[in-house]
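Enquirer: predicted structure and sequence below. I'll ask about it afterward.
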Protein chains: 2
Amino acid sequence: MQVFVLRIGHRPGRDRRVSTHVGLVARAFGADGIIYVGNVEKSLLESLRKVVETWGGPFSIEVAPSYKQVITYWKERGGVVVHLTMYGENIEGSDVLERIKAYGRDILIVVGAEKVPADVYELADFNVAVGNQPHSEVAALAVFLDRLYGGKELLKKFKGGRLAIIPSPRGKKLIGAVDHE
Amino acid sequence: MQVFVLRIGHRPGRDRRVSTHVGLVARAFGADGIIYVGNVEKSLLESLRKVVETWGGPFSIEVAPSYKQVITYWKERGGVVVHLTMYGENIEGSDVLERIKAYGRDILIVVGAEKVPADVYELADFNVAVGNQPHSEVAALAVFLDRLYGGKELLKKFKGGRLAIIPSPRGKKLIGAVDHE
């Protein structure tokens, strides 16, 4: 099962840091890649690529001209599209996650910025709420992936990086070519 | 058990949106309140207060002059301090969450911005990693709270708000005094 994240509605400048967090969360919580739509800062993409270089992958970073194209292509390939929105079916207290998993297909997770075009609710196979309260697309993505993978994504071994952390109750312990940092 | 979030290292302007997301996540994932340290924009606090007004509470929003004061006070009152950091003990594959819960005490969750002062690692009773990869304090907070409360926080009923969402597979369904919006 491949899992990609589609970040829509990015506004240059204003959304730079939140969109970076979306990309970092996609990687750290086990997704195979992120696709940004529209006018994304090169520096944002570079900072994500640097994280992959330093901490490992594989993790794909792409930019697409239109969310409709990406969603349509994904569905044509037989994948399922999950839109995270506070208005959707609550992941807690409903069977929506089980229904998504039951498909056993590749998953495209769509996360928007403040305003999401109305057709996204229709194009998605599932509109899923990580709680029906306003919060953060970064949080929604993390919790959705954590539940999708059952927590095991937090033990994922990344390949080809230069650094790794040794978990520690105090301070910072790193292994790898820290002298190259 | 009371749970508060302490947001340290906020840089005005630069961290405005991410710090707002931290506050929204604290509320939506069941914490009792958030404490910001330092020079926080009034507009940030106002936007959080507006969310509590609109979507309900209770949820406390405070500003403190120093993180050391808050942490010291918390510990004197018998509370436990959990610092979320990628360098800490991994919440997955270790018993750190069980050890925290075993205390049965009020919890102060400390989340930093990019640079965290070294003494925070010492002042904290626990340094906990939501995975040992770089990602987002917003994501770390959400997943920590989701696991602490076992997911039930996403069904929490908030009181005194003007609006609530009816979960829906398509579109947006609201109840409440929408005409006052």
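Expert: Received, thanks.

Enquirer: could you say which helix or strand contains the spatially most central residue of chain A?
Expert: With distances taken as CA atoms, centre = their mean, A:Ala26 lies nearest the centre of chain A, 3.1 Å away. Using DSSP states H and E, the element containing A:Ala26 is helix A:16-28.

Enquirer: ok now the helix or strand of chain A with the lowest mean pLDDT, how far from the chain's centre?
Expert: Lowest by mean pLDDT, DSSP states H and E among the helices and strands of chain A is strand A:174-176, with a mean of 93. Chain-centre distance of strand A:174-176: 26 Å, with CA atoms, centre = their mean, to the nearest Å.

Enquirer: give me the helices and strands touching that strand, please.
Expert: In this structure, strand A:174-176 makes packing contacts with strand A:163-165, judged by 3 or more CB pairs under 8 Å, 6 or more residues apart in numbering or on different chains; DSSP states H and E. All C-beta atoms are positioned from the backbone trio N, CA, C, and that covers glycine.

Enquirer: coming back round to it: report the mean confidence score over the helix holding A:Ala26.
Expert: For helix A:16-28, the mean pLDDT works out to 98.

Enquirer: what about A:Pro134, neighbour count?
Expert: 14 (other CB atoms under 10 Å in any protein chain shown).

Enquirer: swap that for A:Pro65, please
Expert: A:Pro65 has 10 neighbours, counted by other CB under 10 Å.

Enquirer: three-state assignment of A:Gly131?
Expert: Secondary structure for A:Gly131, judged by DSSP: H, G, I helix; E, B strand; the rest coil, is coil.

Enquirer: name the nearest residue to it, sequence neighbours excluded.
Expert: What sits nearest to A:Gly131 in space, not counting adjacent residues and going by CB to CB, 6 or more residues apart in numbering or on different chains, is B:Leu154, at 3.9 Å.

Enquirer: just the buried positions in the longest strand along chain A, please.
Expert: Ranked by number of residues, the top strand in chain A under DSSP state E is strand A:80-90. Buried residues in strand A:80-90, counted by 16 or more other CB atoms under 10 Å in any protein chain shown: A:80-90.

Enquirer: now tabulate those in TSV and tack on pLDDT and distance to A:Pro12.
Expert: Below are the buried residues of strand A:80-90 laid out as TSV (pLDDT from 0 to 100; distance: CB to CB, whole Å):
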residue	pLDDT	distance to A:Pro12
A:Val80	98	30
A:Val81	98	25
A:Val82	98	26
A:His83	98	23
A:Leu84	98	22
A:Thr85	98	23
A:Met86	98	25
A:Tyr87	97	26
A:Gly88	98	27
A:Glu89	98	32
A:Asn90	98	33
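
Enquirer: relative to A:Leu154, how far out is the nearest residue to A:Phe158 once chain neighbours are set aside?
Expert: Among residues not flanking A:Phe158 along the chain, A:Gly56 sits closest, at 2.9 Å (CB to CB, 6+ apart). Going from A:Gly56 to A:Leu154 by CB to CB, to the nearest Å gives 15 Å.

Enquirer: re the thing from before, dump the helix or strand just after the helix holding A:Ala26 to PDB, restricted to CA.
Expert: Next along the chain after helix A:16-28, taking DSSP H and E as the criterion, comes strand A:33-37. Below are the C-alpha coordinates for strand A:33-37, written out as PDB (Å, rounded to 0.1, in the frame of the first residue of the first chain):
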ATOM      1  CA  GLY A  33       5.800  11.200  -0.500                       C
ATOM      2  CA  ILE A  34       4.200  14.600  -0.700                       C
ATOM      3  CA  ILE A  35       2.800  16.500  -3.600                       C
ATOM      4  CA  TYR A  36       2.300  20.300  -3.300                       C
ATOM      5  CA  VAL A  37       0.000  22.100  -5.600                       C
END
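
Enquirer: does the helix or strand that strand A:33-37 is followed by come close to chain B?
Expert: Sequence-wise, the next helix or strand downstream of strand A:33-37 (DSSP H and E) is helix A:42-55. Yes: shown here: helix A:42-55 in contact with chain B (CB under 8 Å from any CB of the partner chain) through A:51, A:55.

Enquirer: and helix A:42-55, what does it pack onto?
Expert: Under the contact criterion of 3+ CB pairs under 8 Å, 6+ apart, helix A:42-55 touches helix A:16-28, strand A:33-37, strand A:60-64, strand A:163-165.

Enquirer: who does the last one pair up with?
Expert: Just to be clear, that refers to strand A:163-165. When sheet partners are counted by DSSP bridges, strand A:163-165 sits next to strand A:174-176 (antiparallel).

Enquirer: how far off centre is stretch A:9-20?
Expert: For stretch A:9-20, the distance to the chain centre is 14 Å (CA atoms, centre = their mean).

Enquirer: quick check: end-to-end length of it?
Expert: Terminal residues of stretch A:9-20 are spaced 13 Å apart (CA to CA, to the nearest Å).

Enquirer: quick check, pLDDT for A:Met1.
Expert: 92.

Enquirer: for it, list the residues it contacts.
Expert: The contact partners of A:Met1, taken as CB atoms under 8 Å, 6 or more residues apart in numbering or on different chains, are A:104-107.
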